[in-house]
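Visitor: Sequence first, predicted coordinates after that:
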Amino acid sequence: MQKYFGMHEAIVVIPTFNEIENIEPIIRAVFSLENKFDILVVDDNSPDGTASKVRELQSIYSDRLHLEVRNEKSGLGTAYIHGFKWCLERNYNYIFEMDADFSHNPKDLNRLFLKCQQPEIDMVIGSRYVKGVNVVNWPLSRVLLSYLASIYVRVITGMRIYDTTAGFVCYRREVLEAIDLDEIKFIGYAFQIEMKFKAYLKKFKIVEIPIVFTDRVRGESKLSGNIIYEAVFGVIKMRLKSLFGRE
């Protein structure tokens, strides 16, 4: 059985809640890539044993697979903030966010990483909408909701980003260091918008590369009405605060 040692410069943060069906395949897929990424799983005390499966795999992927277990399900945004702070305390120069359910193709990590290593680029988004609509297995209603939400956010904020709600992102550590993570307000999918907006306000160079987003095959979606409400009305509040110099 092969063991891995040593810290690499890139790490993938994967938040989980009840992802027992996906967690081992996604971890093995990331570790099979040519580029050597570490992984941090931030689990919200999943009752299905997700964290136990990660601990089991840690015996194989020593020093590359990390686990943080939180007491309860507290939202996607807070899980990522927890993970980002953990990564910044270590020597990682590139910090990724990615879903556990294979909606983001792990092989695309290589493309995001390569792009983010280019001079002058600070943040790379795996974008569903930068070249048409690249979404598989979503009902038309959800595709329209997501696509129109990104247009809405672009109009309100002024960001020239086509996929403002994307959850597949590579950050240089300087971006996360510059953003006051304790001041991030949103906890649902609007968290993705807020992080991009904060980076945009700080004049970081943000680029998008096209990816194909495939809806989960295993497990259940976490999208809810409250998450959509937060995104719609929170964006207006966020923009107004920036206009009045409170960002």
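Guide: Alright, I've got the coordinates. Because the structure is predicted, anything quoted here is derived from the model rather than measured. Numbering: from 1, shown residues only.
Visitor: How about the contacts made by the residue nearest the centre of the chain?
Guide: With distances taken as C-alpha atoms, centre = their mean, E97 lies nearest the centre of the chain, 2.9 Å away. Residues in contact with E97 (C-beta atoms under 8 Å, 6 or more residues apart in numbering) are 12-13, 80, 83, 167-169, 171. Every C-beta, even on glycine, is put in place using the N, C-alpha and C of the backbone.
Visitor: For R70, see how far away it is.
Guide: 16 Å (C-beta to C-beta, to the nearest Å).
Visitor: Would you state the strands of the chain in chain order?
Guide: With DSSP state E, the ranges of strands along the chain come out as 10-16, 37-43, 65-69, 94-97, 123-127, 135-136, 169-172, 206-210, 213-214.
Visitor: Ranked by average pLDDT, which of those strands falls at the bottom?
Guide: Among the strands of the chain, strand 135-136 has the lowest mean pLDDT, at a mean of 89.
Visitor: still on that earlier bit, report the beta-bridge partners for the residue nearest to the centre of the chain.
Guide: Per DSSP bridges, the residues bridged to E97 are V13, V169.
Visitor: Could I get the pLDDT score of N226?
Guide: Looking at N226, its pLDDT is 58.
Visitor: Also R216?
Guide: 66.
Visitor: returning to what we had before: now distance to K53 too, for the strands of the chain, in TSV please.
Guide: TSV is the format used below for those (distance: least, C-beta to C-beta, whole Å):
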stretch	distance to K53
strand 10-16	10
strand 37-43	9
strand 65-69	10
strand 94-97	20
strand 123-127	25
strand 135-136	26
strand 169-172	25
strand 206-210	31
strand 213-214	22
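Visitor: And the residue nearest to the centre of the chain, how far from F191?
Guide: 10 Å.
Visitor: again with V13
Guide: For V13, the distance to F191 - C-beta to C-beta - is 13 Å.
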